[in-house]
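Asker: Give me coordinates for this.
(one chain, ligands or ions: 1)
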Amino acid sequence: MDNLISPHGGSLIDLLVDEDRIAEIREQSRDWPSVDVGPRRLCDLELLINGGYSPLEGFMGSADHEAVCSGMHLVDGTLWPLPVTLDVADEVAEGLSEGDSLALRDPEGVVLAVVRVAEVWQPDRDAEARALFGTDERSHPGVAQHLHRATGWAVAGPVEGIQPPVHYDYRELRLTPHELRNKFTRLGWRRVMAFQTHRTIHRAAQAMTVEAARDAGANLLIHPIVGLSQPGDADHYTRIRCYQALMPHYPKFMARLNLLPMAPRGGGPREAVLQAIVHKNHGCTHFMVDFDGAGSVLETTGAPAYGSDEAAEILAEHADELGVEFVKAHEAVYLEHRKRFVPADEVPEDGRVLRIGADEVRRRLDDGREIPDWYTYPEVARELHRTHPTRDAQGLTVFFTGLSGSGKSTIANALRVKLLEIGGRGVTLLDGDLVRTNLSSELGFSKEHRDLNIRRIGFVAAEITRAGGVAICAPIAPYDVVRREVREMVEPCGGFVLVHVSTSLEVCESRDRKGMYAKARAGIIKEFTGISDPYEKPGDADVVIDTEGVTPDEATREVLLFLERQGYISAQDEG
Ligand code: PPS
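Answerer: Numbering: from 1, shown residues only. Prediction:
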């Protein structure tokens, strides 16, 4: 018995089964159907298995889902804010019935767990969206993304864990709720404030956390969420190395670092309740979310999904059931003359405040400029500089989108030649037609196939970018959500520039170089973009070019100028 806060629901769940049962499962599982679990569900699975999601013992069924979405409680009355479901594709759902066993595999095919199927059901995704975002409006980027990702079916049932998901990175920093609780007991920590963040911590956030922990009379657990970091994601390692570089700067015996395998849901205030529960299960009595509502930025826009006021309100409302105290983060700013950080609302009238935002840090890294000492520790700055080459040495994707015949390929080809002339980076052209004869030769033009085609292009472009090359892509890419997905795939690896070749349908059709518009009008080619299939204009294009009345040279120059302005090529290169 320890003196720590009780886990949510009373006891800490551990779903790992013993060796005998594992042998039995291995023997029988050869005949069981199995599914590969994607990165988000893998996080849920890890937290289910290790008790981070106590008292849940499996994936939710329709009754709990309904109760959670509409009333924020499980059927048994326990506070639970968001659905935890195992979504499966139609073909998997079709082959399953109650009483079956479904094996869950990681991307390498290792069986991690088994679900005893209690129900195969169709979640109400609109209700889910309302729980997550407070709205089911399709125009809300979080809702659009959620619905885009969701499948029609889910499988519910208790989980038997065979092994937790494998992590090769920072194992010593990945303590489970059980291990962390043991550690706290050994250290004599009883009041622990979790600080949850997805950003690098600089001096301001450090000062704020130290002060808040002191006020609460608590020790501090720096608990960054690392759920969706990919193995090849350089930023992930940089971020963790920065935390490691920072930790010695906390007062002695005050703070520890641990990584939390949780995937942000891009949700509203209810996500804060889920986070509070997870931290509570990890033995924390207090909980603070990074200033911008860490982990809850909208993936599409990067904007905070909920303000900390909203989070505070909902957490206060359920404070008794939670038992975790929410500590509101406040902005700390640097007062130049006092050479120290103070809360932003305590700045004296004549006080000169120094401030640098994340964008400015990024710009300084891109340009190879210094990050000032007052802002961050030199050890942290060194880590950042080490892994952020200046922009003109980074990989880059230039992604053209536009109607057939809009001039994408022409500009893309000319850009390729120009960049080769400049030299310094390898250049790969992933033109629409080229990709369709090689990478995507079996695909047609349904929405599903187009999305798959663009995702493949995005994957290749991200790899080229990661390796420091330039990928020039020129598909039609008519759908907004999947274009944003590509941006998200590429940006952690280097630069991403979206060029909308906005030449009007009338002009494209009048050119009709391949005679396809005529065939589309005659109904010979079905689902033709602009004629019988949609084209969603991008709202996030970095460059927009209408090729009507503009020569290919001029159009290419516009892109080059943008690349130069952004520092991807140097002015002198561009000549
Ligand atoms: S997509 O939507 O991004 O997957 O399309 P993409 O891979 O760029 O392929 C577009 C080229 O395929 C030819 N083509 C069609 N385009 C649109 N709709 C239909 N139904 C279609 N069928 C064939 C067309 O020539 C496009 O080439 P470009 O170079 O864009 O003119």
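Asker: Every contact and neighbour count from this point should use C-alpha atoms.
Answerer: Will do.
Asker: dump the residue contacts of residue 319.
Answerer: With contact set as CA atoms under 8 Å, 6 or more residues apart in numbering, residue 319 has these partners: residue 325.
Asker: right, I mislabeled it, should have said residue 154
Answerer: Residues near residue 154 by CA under 8 Å, 6+ apart: 85, 86, 87, 88, 93, 120, 121, 122, 123.
Asker: go with 6 Å
Answerer: 86, 87, 88, 120, 121, 122 (CA atoms under 6 Å, 6 or more residues apart in numbering).
Asker: got those as TSV, with neighbour count, pLDDT and distance to residue 252 columns?
Answerer: Below are these laid out as TSV (neighbours: other CA atoms under 10 Å; pLDDT from 0 to 100; distance: CA to CA, whole Å):
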residue	neighbour count	pLDDT	distance to residue 252
86	22	96	43
87	24	94	45
88	21	95	48
120	23	97	52
121	16	96	52
122	16	96	52
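Asker: Need those residues in TSV (columns: distance to residue 550 and secondary structure).
Answerer: Shown next, in TSV, are those (distance: CA to CA, whole Å; DSSP: H, G, I helix; E, B strand; the rest coil):
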residue	distance to residue 550	secondary structure
86	51	strand
87	49	strand
88	49	strand
120	57	strand
121	55	strand
122	52	coil
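Asker: nearest residue to the residue in the stretch 1-150 of the chain that the ligand sits nearest to other than its sequence neighbours?
Answerer: Going by CA to the nearest ligand atom, the ligand is nearest to residue 148 of the stretch 1-150 of the chain, at 17.0 Å. Using CA to CA, 6 or more residues apart in numbering and skipping the chain neighbours, the partner closest in space to residue 148 is residue 481 (7.8 Å).
Asker: so what does the helix or strand hosting that neighbour touch, helix or strand wise?
Answerer: With secondary structure defined by DSSP states H and E, residue 481 is part of helix 480-490. Using 3 or more CA pairs under 6 Å, 6 or more residues apart in numbering; DSSP states H and E, no helix or strand is in contact with helix 480-490.
Asker: Pull the distance from it to the chain's centre.
Answerer: Here helix 480-490 is found 12 Å from its chain centre; the criterion is CA atoms, centre = their mean, to the nearest Å.
Asker: Could you check how far the helix or strand just after that helix is from the centre of its chain?
Answerer: The C-terminal neighbour of helix 480-490 among helices and strands, as given by DSSP H and E, is strand 495-501. Computed by CA atoms, centre = their mean, the chain-centroid distance of strand 495-501 equals 21 Å.
Asker: Sort out which residues of the host helix or strand of the residue of the stretch 1-150 of the chain closest to the ligand are buried, please.
Answerer: Taking DSSP H and E as the criterion, residue 148 maps to helix 141-149. Neighbour counts over helix 141-149 (16 or more other CA atoms under 10 Å) mark 141, 142, 143, 144, 145, 146, 147 as buried.
Asker: From those residues, pick the one nearest residue 218.
Answerer: residue 142 (34.9 Å; CA to CA).
Asker: Around the ligand, pick out the residues from the protein.
Answerer: 404-405, 432-433, 436, 445, 450, 453, 475-478, 526-529 (CA under 6 Å from any ligand atom).
Asker: how about the strands of the stretch 101-250 of the chain, start to end?
Answerer: Here the stretch 101-250 of the chain has its strands, by DSSP state E, counting those that start in this stretch, at 101-105, 111-116, 119-121, 153-161, 192-196, 219-222.
Asker: Adding distance to residue 418, write those out as JSON lines.
Answerer: Supplementary listing: those in JSON lines, determined by distance: least, CA to CA, whole Å:
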{"stretch": "strand 101-105", "distance to residue 418": "46"}
{"stretch": "strand 111-116", "distance to residue 418": "49"}
{"stretch": "strand 119-121", "distance to residue 418": "55"}
{"stretch": "strand 153-161", "distance to residue 418": "49"}
{"stretch": "strand 192-196", "distance to residue 418": "45"}
{"stretch": "strand 219-222", "distance to residue 418": "47"}
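Asker: Name the stretch among the ones you listed that sits most buried.
Answerer: strand 192-196 (a mean of 28; mean count of other CA atoms under 10 Å).
Asker: Poorly predicted segments of the chain, please.
Answerer: Within the chain, the segments meeting pLDDT under 70 span 1, 229-234, 267, 291-308, 571-575.
Asker: Walking through the stretch 51-200 of the chain, point out its helices one by one.
Answerer: 62-71, 90-94, 125-133, 141-149, 177-187 (DSSP state H, counting those that start in this stretch).
Asker: in the last one, what's buried?
Answerer: By that I understand helix 177-187. In helix 177-187, counting by 16+ other CA under 10 Å, buried: 177, 178, 180, 181, 182, 184, 185.
Asker: from the residues you listed, which single one is nearest the ligand?
Answerer: residue 177 (45.0 Å).
Asker: Now do the same contact list for that closest one.
Answerer: Applying CA under 6 Å, 6+ apart, the residues near residue 177 are residue 282.
Asker: repeat that with 8 Å
Answerer: Listed by CA under 8 Å, 6+ apart, the contact set of residue 177 reads 50, 51, 52, 281, 282, 283.
Asker: Give the buried subset of those residues as a ChimeraX selection command.
Answerer: For the buried members of the contacts of residue 177, the matching ChimeraX selection, counting by 16+ other CA under 10 Å, is:
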select :50,51,52,281,282,283
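Asker: now the contacts of residue 177 as CSV including distance to residue 330?
Answerer: Formatted as CSV, those follow (distance: CA to CA, whole Å):
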residue, distance to residue 330
50, 32
51, 31
52, 27
281, 25
282, 24
283, 24
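Asker: Please convert the contacts of residue 154 to JSON lines, extending it with distance to residue 396.
Answerer: JSON lines is the format used below for the contacts of residue 154 (distance: CA to CA, whole Å):
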{"residue": "86", "distance to residue 396": "36"}
{"residue": "87", "distance to residue 396": "34"}
{"residue": "88", "distance to residue 396": "35"}
{"residue": "120", "distance to residue 396": "44"}
{"residue": "121", "distance to residue 396": "43"}
{"residue": "122", "distance to residue 396": "41"}
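Asker: follow-up on the earlier one: of the buried residues of helix 177-187, which pair is most distant in space?
Answerer: Among those, 177 and 185 lie farthest apart (CA to CA), at 12.2 Å.
Asker: which secondary structure elements does the helix ranked longest in the chain contact?
Answerer: Secondary structure assigned by DSSP state H gives helix 447-466 as the longest helix of the chain. Helix 447-466 sits against strand 396-402, strand 470-474, helix 480-490, with contacts defined as 3 or more CA pairs under 8 Å, 6 or more residues apart in numbering; DSSP states H and E.
Asker: ok, and for the helix or strand that contains residue 360, which residues are buried?
Answerer: Assigned by DSSP H and E, residue 360 belongs to helix 358-367. Within helix 358-367, the residues that count as buried by 16+ other CA under 10 Å are 361, 362, 363, 364, 365, 366, 367.
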